[in-house]
Every structure is written in structure tokens, then in C-alpha cells.
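In: Provided below for reference: sequence and predicted model.
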Amino acid sequence: MNIRRSDRPCRKTLQNAGPVPVAVFRQTCWCMPHSLISLFRTVGIAAGLLTGCTESPPAIPAPVGSTTSADGQQQAPAANESAPSAGEQSSAMAEAPVEFKPLTLSAIETPPTSATSDATRLSEDDQIRTIISRLQPLQILLGQWRGTTRREFENFKAVDNHEWVWDLRTSPSQPALVIRSDKSPYLRAGRLTWDTQQNCFVLSATDGEGKERRLKGDFSEAPHEITGSDDKQHRVFRLELNEERAGQEGEQWQLAFAQQENNRYLLELGKRRGMATVSRYDTVSTQREGTSFALSDTGYAERTCIISEGLGTTELTWKGRSYWVCCSGCKAAFEEDPERWIALAAERSRENP
């Protein structure tokens, strides 16, 4: 009997040694002439009887679509082989063991957020101490000053007298250094403090025309000591503040307090419009009136200001004991609530013996 070309794969299948799986045998029979089917049935029955007589356990049918390598290991079907039918997939899924896993929400959980400002907010006493500590390098500004502009107004340079003091009463939980001037064309009043949430200095100012401005910034030159021409130690720094505005329209200011020495600082004013660069508009040269303050914020012994830790200039008495304050602002705050400032000073001493 002649075998057609389409029957050749079946001939190769019959040449494989070992028992013929029933599924393969049935699939093979579909492509053969009817006369060969009876012959192969007889061979299959005989092979099954011989296999049952051996001592080895019966072979476990391989998963549908898999093949067996030369060393007996099962391999996944090749990519170019056709996928198993729906009936074969259902049979394989029914025989495969099912593993149950607990349901997790990791796929829909949002990442943990950072602590909110409420969670990290300082207590009132801690906030007061933090702000005072940040403002301490600027205590060299305390006192009375006389400023002179470089720009002329009606053929004259503007001259003003102003004073820097501590303000611990207007907003008790937000201490500040405040400035008041009689004739300054740029800074008639100002309140300089430290924002514990944004970690920057904030100046709320009123200019010579009565317009309120809000500026924020930090040191562009950190406070440090230099030896002056008088062989004394002087504190220098540059605090740069930029106006905070909604959008970029209108005129924006930049103020810089450039401390030159203990008795002199410059107030530099720059202006810009839109996204243009800041250009210098004027510089006010400021000279201290009276005695200059010492440089260091510590080391004054009994003359240390009980509030700011600066150099005490005024002595006060409370319950038979003497205390020093550095300015009229600290004097007013102490006289209003002496017990509170004495307690804060005692706590500070315990933490920094």
C-alpha cells in the first residue's frame, strides 16, 4: 500500500520507542487510511499490556502543548507551535492545582505622605525660641541710626532717623525686629521675622508712600567676624529680600541689608518690572547714633539680655533680682510678663549649661 505525503508525519510517530499516549494515538489516526487504524489499534493494545507488566509506574501525561527533551525534562511549547484548543485548555486548568493568595490593596494604595505642617508645628515657646535664635545674628541692628540717601530728592539727599527694636508684644508667638523711621523714602516701618514653616526671613514693610510690601529671603553673605581698622571685631553680613507678588506685573523691590561694621550698614534698594533683571535704584548709608553693640551674642555675663541674649543696656529689677534687656522692645516685653521670660531663660540655661 502506498502512503501519501500527508501520512509521513504519522510514520515518524510510529518509529518512536515506548508506549504511545492515547491522545497522540488518536490524533495520529485521524490522518491515516482506515486500513491502518485497525493495525495500530492492535499494536497499541499489545504495547499497553507489555507496559502494564513492567515494574515502573505508568507515565504521567505531559501538559497539553508541551514536549519532552532528551533528558526527560518537560519543556514549554515553542513559540511557532499552534496554541492548544479551548477544550484542551479547560482540561489542563481543571487538573492544575489552584493556589489561593490573600487579596492585597498594594496596587491601589497611595504612597505615604510626608508629615503635615500641623504634625510638625512647634509649640509656642519652642517657636519663640527658634525665631529669636534665627534673629540673633541681626541684633547688631538694634539701636538708633541716621540714614542718608545717595539719590537726591529736589536737589537734596534725604535724611532720616530710625530705630530697630525687638517687638515681642504685637504677636507674642512671632517675635520680630521692627524698624520705625521718621522720613525714610523707602522704609517708614518694617517688621522682620523668621517664618518657621517656609524657613526664610520675612519683612512686612511700608514704604515712603504708605504702600505695604512683603519681602522674603535669606543671607546671601552669612554673618561672620572681621577685624576692622580699629583692631576690633566687627560683624558683617548681607541679608537679601525680594518682594513677594502674585504674578510678574508691576514694580518689584529688592532690599538688602549689608552690615559693614558694628556702627554702619547699607540699605540697598533695587527695582525691576516683569521678568527683567533687578537694577540698583539707590543706596542709603546708615550710621549708628551712640554706642555700638558688641559683636558676640554671648559672653556678656550678668549683662546678657534675658530675652534676646544680646548685650544688655538697661537694668531692671524683679522680686529683688536684677535683669538686663538690650532695647526698649525687650524692656516692654519683660515688664509685661517677667515670669515667662525668666522661665524661658532658665530652660535655655538647662539645655545649654
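Out: Received it, and whenever you're ready, just let me know what you need.
In: buried residues in the helix or strand encompassing F201?
Out: Following DSSP states H and E, one finds F201 within strand 200-206. Buried residues in strand 200-206, defined by neighbour count with 16 or more other CB atoms under 10 Å: F201, V202, L203, A205, T206. For the C-beta atoms, the positions are set from N, CA and C on the backbone; glycine is no exception.
In: with these in mind, which one is nearest to E351?
Out: Distance to E351 across those (CB to CB) is lowest for F201, with 24.3 Å.
In: Quick check: the closest one touching E244?
Out: No. Between F201 and E244 there is no contact under CB atoms under 8 Å: 11.8 Å.
In: For these two, list the residues in contact with both.
Out: Taking CB atoms under 8 Å, 6 or more residues apart in numbering as the contact rule, F201 and E244 both touch K216.
In: mean confidence for stretch 285-292?
Out: Averaging pLDDT along stretch 285-292 yields 78.
In: same question, stretch 165-181
Out: The pLDDT scores in stretch 165-181 average 95.
In: same question, stretch 196-216
Out: 96.
In: Just the CA atoms of it, as CSV, please.
Out: This file holds the C-alpha atoms of stretch 196-216, laid out as CSV (Å, rounded to 0.1, in the frame of the first residue of the first chain):
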residue,chain,number,x,y,z
THR,A,196,9.3,78.6,60.7
GLN,A,197,7.1,77.0,58.1
GLN,A,198,8.9,78.4,55.0
ASN,A,199,12.3,78.6,56.6
CYS,A,200,13.1,82.1,55.5
PHE,A,201,13.2,85.7,56.7
VAL,A,202,10.1,87.8,56.1
LEU,A,203,9.9,91.6,56.0
SER,A,204,6.5,93.3,56.1
ALA,A,205,7.3,96.8,55.1
THR,A,206,5.6,100.2,54.5
ASP,A,207,7.4,102.5,52.0
GLY,A,208,7.5,106.3,52.0
GLU,A,209,4.3,106.5,50.0
GLY,A,210,2.4,104.3,52.5
LYS,A,211,2.3,101.2,50.3
GLU,A,212,2.7,97.9,52.0
ARG,A,213,5.2,95.4,50.7
ARG,A,214,6.1,91.9,51.7
LEU,A,215,9.6,90.6,51.0
LYS,A,216,11.2,87.2,51.7
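In: what sits up against that stretch?
Out: 117, 122, 127, 130-131, 134, 184-195, 217-218, 239, 241-244, 253-255.
In: partner strands of the strand holding F201, parallel or antiparallel?
Out: If you go by DSSP bridges, strand 200-206 pairs up with strand 189-195 (antiparallel), strand 212-227 (antiparallel).
In: In TSV, list the buried residues of strand 200-206 along with distance to T277.
Out: Listed next are the buried residues of strand 200-206 as TSV, based on distance: CB to CB, whole Å:
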residue	distance to T277
F201	22
V202	23
L203	21
A205	22
T206	26
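In: Among these, which pair sits farthest apart?
Out: Pairwise over the buried residues of strand 200-206, using CB to CB, the maximum falls at F201 and T206, 17.2 Å.
In: What does E336 show for phi and psi?
Out: Note on E336: its backbone torsions stand at phi -80, psi -40 [degrees, to the nearest 10].
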